[in-house]
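Novice: here is the input, now give the coordinates:
(chains A, B and C)
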Amino acid sequence: MAILNGKKAVIIGDRDGIPGPSIEACVKTAGAEVVFSSTECFV
Amino acid sequence: MDLENQKRVKDFAEKYGPENLVVILGAAEGEAAGLAAETVTAGDPTFAGPLAGVQLGLTVYHICEDEMKAEVDAGVYDEQISMMEMVMDVDDIANEMSSIRNDYCKYL
Amino acid sequence: MNGYPVLKGASYTLAVTPDMVIHNGTTQTTEQIVNPDSEYLKELPGHLRSFEDAVAYIPNQVYIGNAKPADLASTEFPFYDKKWPNASRDGKYGQIMPQDEFYGVIQICDVFDLVNLEKSFAAEVKGKLAAQNLFTEAQLAVLDKNESTPEAITALVNDEHAEGLYMNNKLVGAIKRAHDVDVNLSAHVMLENLVTKASNVISLIELVKKAGVAPEEVDYVIDCCEEACGDMNQRGGGNFAKAAAEIAGFTNATGSDVRGFCAGPAHAVLHAAALVKAGTFKHVVVTAGGCTAKLGMNGKDHVKKGLPILEDAIAGFSVMISEDDGVSPQIRTDIIGRHTIGTGSAPQNVIGALVTNPLEAAGLKILDIDKYSPEMQNPDITKPAGAGDVPEANYKMIAALGVKKGELARGDIASFVKDHGMTGWAPTQGHIPSGVPYLGPLRDEVLAGETKKAMIIGKGSLFLGRMTNLFDGVSFVVQANDGSAQGGQGAGFDEAAVKTMIGQAMRDFAKGLLGEE
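Specialist: Below is the predicted model of the structure:
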């Protein structure tokens, strides 16, 4: 069963890893609805 | 995890039902990914935010894990993420993530 | 104008403020609100370092120029348990100031009678600051005006909404609010702003003392910190630049503030270089103080892992950009990387925009740049906090893009990091680590012939302001002076030489025409 398809996605990106908008672009292609996307910064 | 982000995760879990929510992380390191995953499953380990003591048990993955790569469009992944696979320790991240999921995730 | 703007000098300073970690760092002030009885807050004081330990900390000695970046690279990780031999508070590029003296500087920088220091404390501080030879007699005399008793200061904090200044957790002073209602002039904001101003001032004065800058020669000052000053009608009204330059005695300068989160300093250097290249001004100083908010930012992880609190200092830096002197390293105003709105946030696009696009436009390859200075955060601070080694990650990203572009082999990533990178030494004070900590050492390396070309990269997390989801960054290349200002050989455009060549060609052409006739 798909993990993302039909699910609500909450994205917590990382400025020094993968930023939120990049993850968002990916998970949208898998049929998830992005309800929140943010990027954290530790520095 | 940032306190505002914890609050949002908690609110969305209530609004949509925890079984309908998937959290996707982009953390740079295994340890940070593990802490964020723990926060949305077993509760905030730093006891600082709205998820302190709240065991949501959400489904949580790091975008670089194989399970995510299998579902997202390969072209988009290549364009947006692939270069970082040469930068981050993806194996370490995947190990941390699966260990947290096995322990605390309620909706696998 | 021929040549390029040059890097004339740089200064770097720290003020070690352990009590401010507890009372003003947002990790701690947040914890005091949400979890006042937490174990962390109980354990924290036991993890604060002495001034001597902070001075001997090798990354701090690199920051003020007593040790070189290479010295840190050859130090076994971690760094917190090691000391630099012959460490000194006095550095080649600046100094490390203890907390008590810094409180004195805050009062010297206060023009609104907001700072009150306990009388005997102020007298002691005045003596110590006088020995540092940073301020005039008249400036130091401000410290004589303190008449406050400990009771009076306690009353200011308890009854008048003032922010306390502490030494070893004992109240020694207070910063009052500047308005009863206006939150932008609250004691909290006034403290933050006076701290950034004071640390900025120390750096400007050290630029004069250590880099030999003549203060009266400076035409323009650009502040690039991340604070905002203004009242409720103009929250970010600004001009920390002029406020700090006034105290530092740059009497012929005006100035303004440039903001861009952590990328602010790189943007500010571009502004300064452009002003000089255009001939608008001859000498422009880019400067910034530090921030109280980020003190102890990753403290929870440091305490949990038994480390000292490593984020215990307010940082500052100043750089002078001047017209080409034929000697100093040049800022290539024609090799500029920029993250545009259309770039997006994919890491490969970001690195492309900041690194490979400008290099390709200039006909350069990734390996043509000897050293890259992206965000130079000290990994001793970030690694235990799970944020990784930020400079190393940046180097790997540059190398990985190089692999994708076929300029490097995948197996060369590690050697690229070692040969073209550096180990980060900068405190995590936001804008402070962002590219610019290398400008001082870079100038020395270029003048010594050790480094020919370097790229400075500033990146900024604009999304933290909740006004956009965009990321940001700019970069520029610094090179050994090519002599183009004096008509020498090099990459620069030499107008006089070209005019001579055209003149000669015209004469030859005319002769040819005459001969044919």
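Novice: in the stretch 201-350 of chain C, which spans are strands?
Specialist: Under the criterion DSSP state E, counting those that start in this stretch, strands of the stretch 201-350 of chain C are mapped to C:220-223, C:254-257, C:283-288, C:313-322, C:330-338.
Novice: ok, which of those strands comes nearest residue C:431?
Specialist: For residue C:431, the closest of those is strand C:283-288, at 5.9 Å, according to Cβ to Cβ. To be clear about C-beta, it is placed using only N, CA and C from the backbone, and glycine gets the same treatment.
Novice: now do that closest one: which elements does it pack against?
Specialist: helix C:187-211, strand C:220-223, helix C:240-248, helix C:264-277, strand C:313-322 (3 or more Cβ pairs under 8 Å, 6 or more residues apart in numbering or on different chains; DSSP states H and E).
Novice: how about the strands of the stretch 201-350 of chain C in a markdown table, adding mean pLDDT, distance to residue C:133 and mean neighbour count?
Specialist: Formatted as a markdown table, those follow (pLDDT from 0 to 100; distance: least, Cβ to Cβ, whole Å; neighbours: other Cβ atoms under 10 Å in any protein chain shown):
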| stretch | mean pLDDT | distance to residue C:133 | mean neighbour count |
| --- | --- | --- | --- |
| strand C:220-223 | 98 | 22 | 28 |
| strand C:254-257 | 98 | 25 | 19 |
| strand C:283-288 | 98 | 20 | 30 |
| strand C:313-322 | 98 | 18 | 30 |
| strand C:330-338 | 98 | 31 | 21 |
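Novice: quick one: closest of the helices and strands packed on strand C:283-288 to chain A.
Specialist: Closest to chain A of the helices and strands packed on strand C:283-288 is strand C:313-322 (Cβ to the nearest Cβ; 13.2 Å).
Novice: mind checking how far residue C:44 is from residue C:195?
Specialist: 20 Å (Cβ to Cβ, to the nearest Å).
Novice: higher neighbour count, the two?
Specialist: residue C:195 (28 against 23; other Cβ atoms under 10 Å in any protein chain shown).
Novice: mind listing what residue B:24 touches?
Specialist: Residues near residue B:24 by Cβ atoms under 8 Å, 6 or more residues apart in numbering or on different chains: A:9-12, A:23, A:27, B:60-63, B:68.
Novice: just the residues you listed now: which is nearest chain C?
Specialist: Nearest to chain C out of the contacts of residue B:24 is residue A:23 (Cβ to the nearest Cβ; 9.5 Å).
Novice: name the element that closest one belongs to?
Specialist: helix A:20-28 (DSSP states H and E).
Novice: got the contact list for that helix?
Specialist: Counting by Cβ under 8 Å, 6+ apart, A:4, A:9, A:11-13, A:34, A:37-39, B:24, B:26, B:63, B:68, B:72-73, B:76-77, B:79-81, C:344-347, C:463, C:469 sit against helix A:20-28.
Novice: pull the distance from that helix to the chain's centre.
Specialist: Taking Cα atoms, centre = their mean, to the nearest Å, the mean C-alpha location of helix A:20-28 is offset from the chain mean by 5 Å.
Novice: now that helix - C-alpha only, PDB.
Specialist: C-alpha atoms of helix A:20-28 as PDB (Å, rounded to 0.1, in the frame of the first residue of the first chain):
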ATOM      1  CA  GLY A  20      10.900  22.200   2.600                       C
ATOM      2  CA  PRO A  21      10.000  23.300  -0.900                       C
ATOM      3  CA  SER A  22      12.200  20.600  -2.500                       C
ATOM      4  CA  ILE A  23      10.500  17.900  -0.400                       C
ATOM      5  CA  GLU A  24       7.100  19.400  -1.300                       C
ATOM      6  CA  ALA A  25       7.800  19.200  -5.000                       C
ATOM      7  CA  CYS A  26       8.600  15.500  -4.600                       C
ATOM      8  CA  VAL A  27       5.700  14.300  -2.400                       C
ATOM      9  CA  LYS A  28       3.200  16.100  -4.600                       C
END
